[in-house]
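Trainee: I need the structure of the sequence given here:
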Amino acid sequence: MVLSVVGLIGSPRKRMNTDTLVTQALEGAQSVGAKTEKIYLGDLDIMPCRACAKHPAPEYCFFHDGMDKVYPALANADALVVGAPAYFGTFSAQLKLVIDRSNCLGEMVTLSDGKLTFKSRLEKKKKGIFIWVANISKNPEPALVSINIWSKYFANIELLETMVVTRSDRDGGARNRDEYLEKAFALGVLLGQ
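Mentor: Down below sits the predicted model:
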């Protein structure tokens, strides 16, 4: 069976650090036989969540825009590479829009102890990696809180690893540093197996 690995690139800049590292991960997945696709979130016209008072099921959302390309990838891919640059210590608006618009991918459920939690409406469990690229920011924790909640409760992704890149614009940029390129490639191999 050929695995499908989708890269979600949350950077507004193509061929720079985030794009290059996500591409390396996808090439790693291809090297072990996976079929890959890249989605540049910045190329999509995605409006913010409107906080509708009702659930769109069985649809993903009431509104149709660039998310119509993202929802099928989240539902059908075998694995995801999600990459984003650090903006104000978290991540770019391009990825934040996708996360916010994934709100309807989860449903509130009551656990046996009476506590409420979210459960993904997406049936397919996927593997994933998150690549966080920062120049000045050094603490990925604020970004990891959001990406972990989104992955577990909405996108149905088991995050295998997070690649944290700091000082990304130094020494020729992370896109030109072998240690980062090799790490991203190896993570892609892990997803493609």
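Trainee: now the residue lying closest to Asp100 once chain neighbours are set aside: how far from Asp113?
Mentor: Leaving out its chain neighbours, the residue that sits closest to Asp100 by C-beta to C-beta, 6 or more residues apart in numbering is Cys49, at 4.3 Å. (Each C-beta comes from the backbone N, C-alpha and C, glycine too.) For Cys49, the distance to Asp113 (C-beta to C-beta, to the nearest Å) stands at 29 Å.
Trainee: higher neighbour count, those two?
Mentor: Each of Cys49 and Asp113 has its neighbours counted (other C-beta atoms under 10 Å); Cys49 has more, 16 against 5.
Trainee: so the more buried one, which state does it fall into?
Mentor: For Cys49, the secondary structure call by DSSP: H, G, I helix; E, B strand; the rest coil comes out as coil.
Trainee: so how far is Leu95 from it?
Mentor: Cys49 is 14 Å from Leu95, by C-beta to C-beta.
Trainee: what about the strands in this protein?
Mentor: 4-9, 35-40, 79-85, 106-110, 116-120, 126-133, 157-165 (DSSP state E).
Trainee: ok, the residue lying closest to Ala184 once chain neighbours are set aside - contacts?
Mentor: Among residues not flanking Ala184 along the chain, Gln24 sits closest, at 3.8 Å (C-beta to C-beta, 6+ apart). Gln24 makes contact with 181, 184-185, 188, according to C-beta atoms under 8 Å, 6 or more residues apart in numbering.
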